[in-house]
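**Q** Coordinates for the following, if possible.
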Amino acid sequence: MTTSTLRVLVAAALAAQTAAVSAQQAAAEAPLPPDTSKWECKSCPFPQGVSGDVGAGAVNVSEDSFQFGRYTGLKKGTYLGLDADARYAGSAGYADFIGTDLGLPYRSLEYQHWLNGFKWNVGYAELPFLISDSARTPFSGNGGSSLTLPPTWVRGGTTQTMPGLDAALQDVKIDSTRKRIGVGLAYVPASDWDVGLNVKHETRDGTKRTSASFFLNSTNLVAPVDYSTDDLEAYASYAVSKWQVRFAYQVSMFKDDNTALRWDNPFAEVLAGATVGQLGLPPSNQFHQVSATGAYQFTDDTRGTASVALGRMEQDEAFLPATINPTIPPVALPRSSLQGLVDTTKVDLKLVSALSEKWGLNAAYLYDDRNNKTPQSSFNWVTTDLQPAPAPRVNLPYGYTRNLFKLWADYRVTPRDKASVGVDRDGFARTFQEVSKTTEDTAWAKYALRRSQFDASVNIARGHRDGTAYTPVPQISPPENPLLRKYNMADRDRLLVGLRAAATVTETVTVGLDYSQAKDDYNNSPVGLTSSKENTAGINATAQFNQTTSLNVYYTWQRIRSSQAGAQSFSNPPDWSGDNTDTTQTAGIGLKHKLIEDKLDVGVDFTISRSVGDITVTTALNEPAFPSVKSDLNSLKIYANYKVTDALSVYAAVWHERYESQNWAVDGVGPSTIPNVLAFGETSPQYKVNVASLTARYRF
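**A** Predicted coordinates:
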């Protein structure tokens, strides 16, 4: 018998003896004990046999709006919905079935079964994505790889001189749907081992927006989406008291059933033969990775973790011809395909140690390398199917190596207060980019305190990034503005501040406050992003008036400002500047009330959100600012849940939502508004939608 087993037995004996004495005393004081014959465990984690719940109902949507149903796919009409969560638990294993929103455009189901050390599962999910329901186009064949104009189409030099444009316009819906099915198998041959295999197949079908051009004339087009992705993961893990390790192999294979999109040129030919254009679509590719992850408990107070992942990305789709213009002689390509090859290496290390009851010391290191081995070649090319370019271009296999070091310490000031300080160093080495090396050093501190009715925290971080000389890449043609500084590589000073507080004002009222600021300064950027600042503040409160009524309210405010400088003529100082300000406010209130104890619960939720975006541009001509971009959302939901019996309940809800928006980039821009752009003529989304739902749920 081990020492630990002996301790358990002794503790159990003492507990039994104490319980017996207590029972005798209780019997003497309370000769009429409560009747426990009808007691049951409602929260036991592993009920035996079959249990679960099933719900069936209907949902009615009053109006069509792609904006309202963007991620749900809900349109005007009535839907039948079904939810189910059923499980079986026995002495040898268990089974679980979960079906969510079956019958609705977004739906998912999963079944998993565990028996005698084996676990297998299968799942299916659909997720729609509605993009636009206000686009119009004169092209036929939308959704396919070839877009054609009517046989009677007469080309014009501008959109205003296309005589058949208005008559040819037709409505087109732009949307897509993801469908995913996955199967997994796991086996636990012993308590320390776990091996498994997961396979997933996902398709995405539909359409998306794109654009193409012939020289200065551009056209909005509907591109096909016919993608499939196959993922596989095989893994094995082993765990004992002091250390754990996991090995895995993953592969992801992406396939696009369309290699190119062809479209008729709606504009008059600038040069002979420019009647049909061709645009490349996302190429098929694949990714392989092997990884190992481990953890080791050096002592009771020190633990280390490590992970290493080696990957390879490949893309070898055949090149499209440089042009399909029959009047241009064939253009020789240096090879038949990209032969794209990128090796990735990622190493992540972390050490956490409690030096004493008060002090803790921690360290982390991340190595992330992207070694782009795609061969370089000189490519002759054609300008938008019009004419051969005057000089060839060389492809640039971008790559980088990142080294991130973190060191921080924790100090327990009191049992309820903790202070933390740390330093980070983040270094990048890049190839074929304007800055070969950047280093960012950040120092930060945090203090958190907790009291019986109040807790709060404050954190601050200060960072500085600089790099080697900014040098435009010589292979890029036409050359970049030498004054430009790309913001992700430019010198930067960053300040981050965060505050949080939560207080129990009374026994029934709690209040929370949050504030954060992020400020970036790019003082060494003559052209490009020069500054940005983000402020976020929020307040929330909850009140439990009594056992039947509760209330919660919240308000959040966010403002993001940025400034940039531009020099169209490569001049210094810049000849124009721009400022962008986005402000968003969101408020909400929720009220719940038990109208009939243990029978009827009712509630109401109201949300309002406002956002405004302003852009001002300063030039020598003192041009006016752009109109504001606005969006307003109001949402009201009223619901009730009636408990018919202990097993059967009925849920009903009505939901009203109103959305209005203004966007100068699309409002008033019809297909022929811009002379050299054949646009979709979309409008900013506006809708008023009412939703009613009724669901009956049975628990067994």
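**Q** what does the domain assignment say about the chain?
**A** The record's domain parsing of the chain by automatic domain parsing lists 53-134+644-700, 135-142+179-327, 508-632.
**Q** Tabulate the ones you listed (JSON lines), appending mean pLDDT and distance to residue 376.
**A** (Each C-beta comes from the backbone N, C-alpha and C, glycine too.) Below are those laid out as JSON lines (pLDDT from 0 to 100; distance: least, Cβ to Cβ, whole Å):
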{"stretch": "domain 53-134+644-700", "mean pLDDT": "96", "distance to residue 376": "35"}
{"stretch": "domain 135-142+179-327", "mean pLDDT": "96", "distance to residue 376": "15"}
{"stretch": "domain 508-632", "mean pLDDT": "95", "distance to residue 376": "27"}
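**Q** would JSON lines of the ones you listed with distance to residue 501 and mean neighbour count be doable?
**A** JSON lines is the format used below for these (distance: least, Cβ to Cβ, whole Å; neighbours: other Cβ atoms under 10 Å):
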{"stretch": "domain 53-134+644-700", "distance to residue 501": "33", "mean neighbour count": "16"}
{"stretch": "domain 135-142+179-327", "distance to residue 501": "31", "mean neighbour count": "16"}
{"stretch": "domain 508-632", "distance to residue 501": "5", "mean neighbour count": "15"}
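**Q** Can I get these in TSV including distance to residue 390?
**A** Output for these, formatted as TSV (distance: least, Cβ to Cβ, whole Å):
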stretch	distance to residue 390
domain 53-134+644-700	23
domain 135-142+179-327	14
domain 508-632	21
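**Q** out of the ones you listed, nearest to residue 395?
**A** Across the domains of the chain, the minimum distance to residue 395, taken as Cβ to Cβ, is reached by domain 135-142+179-327, at 11.3 Å.
**Q** gap between that closest one and the chain center?
**A** 16 Å (Cα atoms, centre = their mean, to the nearest Å).
**Q** Over to stretch 634-646?
**A** That offset, for stretch 634-646, works out to 30 Å (Cα atoms, centre = their mean).
**Q** which residues does residue 286 bridge with?
**A** residue 253, residue 314 (DSSP bridges).
**Q** Was I right to think it contacts residue 251?
**A** Yes: look at residue 286 against residue 251 with Cβ atoms under 8 Å: they come within range, at 6.9 Å.
**Q** helix/strand/coil for the residue nearest the centre of the chain?
**A** What sits nearest the mean C-alpha location of the chain, by Cα atoms, centre = their mean, is residue 71, with 12.6 Å. Following DSSP: H, G, I helix; E, B strand; the rest coil, residue 71 is assigned to coil.
**Q** Leaving out sequence neighbours, find the closest residue to it.
**A** residue 129 (6.7 Å; Cβ to Cβ, 6 or more residues apart in numbering).
**Q** contacting residues for residue 96?
**A** Contact partners of residue 96, counting by Cβ atoms under 8 Å, 6 or more residues apart in numbering, are 85, 86, 87, 88, 110, 111, 112, 113.
**Q** what does residue 174 give?
**A** 131, 132, 133, 135, 206, 207, 208, 209, 222.
**Q** Any idea what it is bridged to?
**A** residue 132.
**Q** Distance to residue 401 added to the contacts of residue 96, as CSV?
**A** CSV is the format used below for the contacts of residue 96 (distance: Cβ to Cβ, whole Å):
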residue, distance to residue 401
85, 48
86, 51
87, 49
88, 52
110, 40
111, 44
112, 41
113, 45
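**Q** Of those residues, which is the nearest to residue 201?
**A** residue 110 (15.2 Å).
**Q** does that closest one sit in a helix or strand, and which one?
**A** Assigned by DSSP states H and E, residue 110 belongs to strand 107-115.
**Q** What strands line up against that strand, and which way round?
**A** When DSSP bridges is applied, strand 107-115 pairs with strand 93-102 (antiparallel), strand 118-137 (antiparallel).
**Q** Tell me which of these lies nearest to residue 431.
**A** strand 118-137 (35.3 Å).
**Q** roughly how far is the helix or strand following that closest one from the heart of the chain?
**A** Per DSSP H and E, strand 118-137 leads on to strand 146-147 as the next helix or strand towards the C-terminus. In this view, strand 146-147 has its centroid 32 Å away from the chain centroid, taken as Cα atoms, centre = their mean.
**Q** Does strand 146-147 pack against any helices or strands, and if so which?
**A** Applying 3 or more Cβ pairs under 8 Å, 6 or more residues apart in numbering; DSSP states H and E, we find strand 146-147 packed against strand 260-264.
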